[in-house]
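Visitor: Need coordinates for the following:
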Amino acid sequence: QVQLVESGGGLVQAGGSLRLSCSVSGRPLSTYKMGWFRQAPGKEREFVAAISRSFGSTYYTNSVKGRFTISRDNAKNTVYLQMNSLQPEDTAVYYCAADARSRAFESSMYDYWGQGTQVTVSS
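Guide: As a prediction, this is how the structure comes out:
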């Protein structure tokens, strides 16, 4: 059974930074392409960033390019999302997800999901 557990969320002022972590257990992290998604109150879940399984290629939604960085440490079975220059519109529950089939970056189809961690950015 694959489990994903997010951590690192919290309350931060606009312009601040947070680093989210996603710990994967059950199978080696190297098995999966990984992604981060977020869902703000009253809105649909949206894609944030993804990182490929092996070569570490990355892909971001336009609104976070230049501010967020996704990375992975396969030895630690952990994926990270470094978030800088946070803005109130970044407030959401952030979810990490694992894709066992390494679908295209544009795909929002993932096989496993974490429970989410809340990020709140105050103005």
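Visitor: Just the pLDDT for the spatially most central residue of the chain.
Guide: For the chain, the residue nearest the mean C-alpha position is residue 36 (2.4 Å; CA atoms, centre = their mean). Residue 36 is assigned 97 on the pLDDT scale.
Visitor: What is the neighbour count of the residue lying closest to it once chain neighbours are set aside?
Guide: For residue 36, ignoring the flanking residues on the chain, the nearest one in space by CB to CB, 6 or more residues apart in numbering is residue 48 at 4.4 Å. Any C-beta I mention is one placed from the backbone N, CA and C, and that applies to glycine too. Using other CB atoms under 10 Å, residue 48 is surrounded by 24 other residues.
Visitor: who's in contact with residue 48?
Guide: 35, 36, 37, 38, 60, 61, 64, 68, 81, 94 (CB atoms under 8 Å, 6 or more residues apart in numbering).
Visitor: Residue 84 now?
Guide: Neighbours of residue 84 in contact, by CB under 8 Å, 6+ apart: 17, 67, 68, 69.
Visitor: which of the residues you listed has the most neighbours?
Guide: Neighbour max across these (other CB under 10 Å) = residue 68, 21 neighbours.
Visitor: wait, what's in contact with that one?
Guide: 48, 49, 60, 81, 82, 83, 84.
Visitor: On the strand side of things, show who the nearest residue to the third one once chain neighbours are set aside bridges to.
Guide: Once its chain neighbours are removed from consideration, residue 60 has its nearest residue in residue 49; the separation is 4.8 Å (CB to CB, 6+ apart). Applying DSSP bridges to residue 49 yields these beta-bridge partners: residue 36, residue 60.
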